[in-house]
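# I'd like to go over a predicted model; first the sequence, then the structure.
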Amino acid sequence: MDIDRPSDPQVSVVSSDGTMFHTTLKSILLSGTIKDMIEHIGEGGVENMGAIPLQNVDSKTLEIVIKWIEHHKDNIQPTSEEIKDKTADFIDPWDENFLEMDLDKLYNLITAANYLNIPQLLWLSTRKIAMLIKNRTPQEIRSLFNIEDDWTPQEIEAVQKENQWCEEK
Amino acid sequence: MKSLPEEILLHIFDYLDNKSILKAMKVCKLWTEIISNSSKLMQKFHLFINQEFFTTENISELPQASIKNIKIQNINIINRSSHFYNENYNFISTDIELKKILAIINNYQDSIEGFEIFEVRTRVVKNISELIKSLTNLSIFKAVNITFVTNSACSSENFPNLKSISIIKDNNEEGHFENIFDIFKFSQSLEKVHLEVHEGIFNHNALSVFLQTLPNLNHLILDGIGTASYFEQENFPFKISTLEAFSISSDWNSMQPRFQFLLSQIGCLKYLKLNRLPYDHDGGEILKFIIEEMNLEKFYYGEIPLILNGQKQEIEEIWFNEVTVMAGMEILRQFPRTKKLHILLNATDIFEVISLIIDRFCKIFLHLEELKIVDLSSGYHLLPKFICIYKCCQNVKKLKIESNEVELAQNLREFLPFMTQLEEIELDTHNFEIIEKLQAIYDCCLDLKIIKIRKQQKEMTEIIFNDTNIKIEII
């Protein structure tokens, strides 16, 4: 099947809660998972293909994902291999702005980007979380991410002692 | 955050610098666990200094803080003009390099917990002492093939968190690696000492003197041929709970039993691992003593657990060689459900044959179902020396022999009639003559079903056994 046709046909996807979204083939192909599905499609081609069900992505998250892939559909996407070596600090201001969302949404986006295999989006969203961790104390990190402190005072004392030097500097 | 899978958390942590990773480890137990189990993340805390290190611009790109482990490899810290210069080391370092290494290490003096030295050669032990003495959090020290060209002493340094040191030597470079002990003498916190000497000899006295300065030593590993002779001395300057040793006897030809060590550790030693059984003459008795009197929680022979939680275990297979026969038989006596015996015959010039005492043991072989003899003793003719043992293995169903003994045919004829249950025999030999005699040899084996033989010998064997139901297979 020729998936590189210039016409960019319409494709539909359905979220886990049953909402249908329309987007274009070029956009949806940024997802490695969907690309694999479409490449294995039999006769009939993309035009006759029904809506693609996405059991692991809810409608709120799918809407965000579609916004991102439609914006980036004409950009060359790095492979996951290339992203491993990526240290670039330059982030597209559009992306920076796009990622301004509450943590719940961000988690869902990360999970969706992972499931749909969109390496660049996964990279951006996980990096965003890393930035949030970077300049915070352990307690601030806990309250930000709503993590329960399961260390006993004795345990934390031992860890603290072990890592003393990282606080001093 | 707990809803994110581990895989994604690892993605996130990967973007963090060392300081932030350490911080993340304090957030919760799950995060700590995920980070500690990731070799990729932990790798960020390692600094590896080798010959290329100085030729590249690495030094200016060093991480700013939080290096936990340093490994120095293949560096010759000897002055270039020195006559100790050694061609075998790719990199010739001068005092300047020594100073450079020191400067790097000093960057991390509070964070370094592990220090490893591989294939490092230097003039005196003081050079190494200078490198590490400022590391107040040092917990693990390891040196593999460290060589001090000149025998010299150095004063001990204080490492309040030092838990374990490992000194391993498997090259035959001459030198005085024992000097390294000096640095760690009188350590209050040191619990584990691991010494492994595979080549050359080591100075027992230096080890003893060192060990008696350690009040909290409880785990000793003495591995490598030659370390067993350590247990020949009279006094042991420690009481330990764990010993992993190559062997606790060193001279297979001596009549002198060596119980002193075991007696000195009774009541404290709980875990013993021996890679080789105690040698003959004292072997059977020592092993009996270990199993019956030492009250061990765990006793391993190589990888085979003989005792766990103080209970004798069932063992599948046991092996011994020509100088540990007695100890091997003691194991068979103590563990009567063992089904497989593996006898390895190397090339030792033994005079004594155990046939005189075999009467005492003959019953222990009746339980065996499988016997394997690997005879590498060409010239020493050890295979026939143990025929009295093979004769006792009257219930084996499978026999496997690997031997180029010239008298093999005659030997087989001597003991095969005793193995009345034999169903399968595997014969791995260069000895071609034997094939012609096979039929006569196997006449006594009424239940024989399978003969395994080398490929080149198959055709001939098939002709001989043409009118029987015996299956001929290739090894």
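Right, received. Where do you want to start? Since the model is a prediction, treat every value here as computed from it, not as a measurement. Residues are numbered from 1 along each chain as shown, chains lettered A, B, ... in the order given.
# can you list the weak-confidence ranges in the stretch 251-400 of chain B?
Across the stretch 251-400 of chain B, residues meeting the criterion (pLDDT under 70) sit at B:252-257, B:351-357.
# Check the stretch 101-250 of chain B too.
Counting by pLDDT under 70, the stretch 101-250 of chain B contains no low-confidence range.
# Contact distance from chain A - what residues of it qualify?
Residues of the stretch 101-250 of chain B found near chain A (Cβ under 8 Å from any Cβ of the partner chain) are B:110-111, B:137. Glycine gets a C-beta too; all of them are placed from N, C-alpha and C.
# 7 Å instead, please
Counting by Cβ under 7 Å from any Cβ of the partner chain, the stretch 101-250 of chain B comes close to chain A at B:110-111.
# Which residue would be the closest one in the stretch 101-250 of chain B to chain A?
Residue nearest to chain A within the stretch 101-250 of chain B: residue B:110 (3.9 Å; Cβ to the nearest Cβ).
# Hmm, residue B:138 and that residue touching each other?
No: assessed by Cβ atoms under 7 Å, residue B:110 is found out of contact with residue B:138, at 10.6 Å.
# Give me the phi and psi for residue B:306.
When read as degrees, to the nearest 10, the backbone of residue B:306 gives phi -90, psi -40.
# and the gap between it and chain A?
Shown here: residue B:306 relative to chain A, a distance of 36 Å by Cβ to the nearest Cβ, to the nearest Å.
# same thing with residue B:379?
Look at residue B:379 and chain A: by Cβ to the nearest Cβ, they are 58 Å apart.
# Over to that residue. Which of the three states is it?
coil (DSSP: H, G, I helix; E, B strand; the rest coil).
# Could you find the closest non-adjacent residue to it?
Nearest non-adjacent residue to residue B:379, counting by Cβ to Cβ, 6 or more residues apart in numbering or on different chains: residue B:347, 6.8 Å away.
# element containing residue B:225, please.
Counting by DSSP states H and E, no helix or strand carries residue B:225.
# pretty sure the residue of the stretch 101-250 of chain B closest to chain A belongs to a strand, no?
No: going by three-state DSSP, the assignment for residue B:110 is coil, not a strand.
# can you count the residues close to it?
Using other Cβ atoms under 10 Å in any protein chain shown, residue B:110 has 17 neighbouring residues.
# Give me the distance between it and residue A:131.
Look at residue B:110 and residue A:131: by Cβ to Cβ, to the nearest Å, they are 27 Å apart.
# Mark out where each domain of chain B begins and ends.
Split into domains by automatic domain parsing, chain B comes to B:1-37, B:46-313, B:339-474.
# Okay, helices next: where are they in the stretch 151-300 of chain B?
Counting by DSSP state H, counting those that start in this stretch, the stretch 151-300 of chain B has helices at residues B:181-184, B:204-211, B:260-265, B:283-293.
# Now do the helices in chain A.
Under the criterion DSSP state H, chain A contains helices at A:25-28, A:32-39, A:59-72, A:80-84, A:93-98, A:103-116, A:119-134, A:138-145, A:153-162, A:164-168.
# Please list the outside residues in contact with the shortest one.
Where contact means Cβ atoms under 7 Å, 6 or more residues apart in numbering or on different chains, the residues beyond helix A:25-28 that reach it are A:3, A:8-9, A:11, A:13, A:34, A:46, A:69-70, A:73.
# tell me the least confident of those?
Lowest pLDDT among the contacts of helix A:25-28: residue A:3, with 52.
# thinking again about what came up before, columns mean neighbour count on top of the helices of the stretch 151-300 of chain B, output as CSV?
Shown next, in CSV, are the helices of the stretch 151-300 of chain B (neighbours: other Cβ atoms under 10 Å in any protein chain shown):
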stretch, mean neighbour count
helix B:181-184, 22
helix B:204-211, 17
helix B:260-265, 17
helix B:283-293, 19
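# What ranges in chain A fall below the confidence cut-off?
Low-confidence segments of chain A (pLDDT under 70): A:1-6, A:42-48, A:80-89, A:156, A:158-169.
# center of it - which residue?
Centroid-nearest residue in chain A, with Cα atoms, centre = their mean: residue A:113, separated by 3.1 Å.
# Would you agree that residue is in contact with residue A:125?
Yes: contact criterion Cβ under 7 Å: residue A:113 and residue A:125 qualify, at 5.8 Å.
# On the pLDDT front, check residue B:475 for me.
Listed pLDDT for residue B:475 reads 86.
# In space, what's closest to it - neighbours in sequence excluded?
That would be residue B:452: by Cβ to Cβ, 6+ apart, it lies 5.2 Å from residue B:475.
# before we move on, what about residue B:7?
Here the residue nearest residue B:7, using Cβ to Cβ, 6+ apart, is residue A:114, at 7.3 Å.
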